[in-house]
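J.: okay, sequence plus prediction incoming.
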Amino acid sequence: MNAEQLSDLMDFDHVVKIHADGTFSEPQELYSPMLSGVREDDFEDMALIREAREQGWKLLTGHTGQYGYNGPVMHPSETIGGGLARRILTSPGIYVTVVVTDGDDPDADPVGWAVARKIGG
């Protein structure tokens, strides 16, 4: 599997398992975490990270191209590719791409997205 195929596979809230041999499966018994919050500063990032962890997931950080920001929330225009795709493809486990919304206004446009990895998976 390459980065483009991975990006196509990882639709929002679609849980995938990446195997050591580079293949994937789609576990039907697992659900995506539900995250909310606005990424305005590191305090909100910590709340999102804690919220994901409470649901059994860890948010991946350090892959956004946003200037001066290294947290888990990717800009809506970013895609799964480059270092993020390499990290997923070379680290077998269970992953999902989640939408991050504004917890105060559920009808607002998403503020971004994040990739979560199942803890222990």
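T.: All right, it came through fine. Residues are numbered from 1 along each chain as shown.
J.: quick one: the strands in the chain?
T.: Using DSSP state E, the strands assigned to the chain run over residues 16-18, 24-25, 35-36, 57-59, 93-101, 112-118.
J.: hey, least reliable of these by pLDDT?
T.: Across those, strand 35-36 has the smallest mean pLDDT, namely a mean of 71.
J.: residue most distant from the centroid, the chain?
T.: Here the chain reaches farthest from its C-alpha mean at residue 21, the gap being 21.8 Å by C-alpha atoms, centre = their mean.
J.: how far does stretch 5-20 stretch from one end to the other?
T.: 17 Å (C-alpha to C-alpha, to the nearest Å).
J.: actually stretch 32-50, not the one I wrote
T.: 15 Å.
J.: okay if I get the strands of the chain as JSON lines plus mean neighbour count and distance to residue 8?
T.: Where you see a C-beta, it was placed from the backbone N, CA and C, and this is true even at glycine. As requested, the strands of the chain are exported to JSON lines (neighbours: other C-beta atoms under 10 Å; distance: least, C-beta to C-beta, whole Å):
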{"stretch": "strand 16-18", "mean neighbour count": "19", "distance to residue 8": "11"}
{"stretch": "strand 24-25", "mean neighbour count": "14", "distance to residue 8": "11"}
{"stretch": "strand 35-36", "mean neighbour count": "20", "distance to residue 8": "22"}
{"stretch": "strand 57-59", "mean neighbour count": "22", "distance to residue 8": "22"}
{"stretch": "strand 93-101", "mean neighbour count": "20", "distance to residue 8": "11"}
{"stretch": "strand 112-118", "mean neighbour count": "22", "distance to residue 8": "15"}
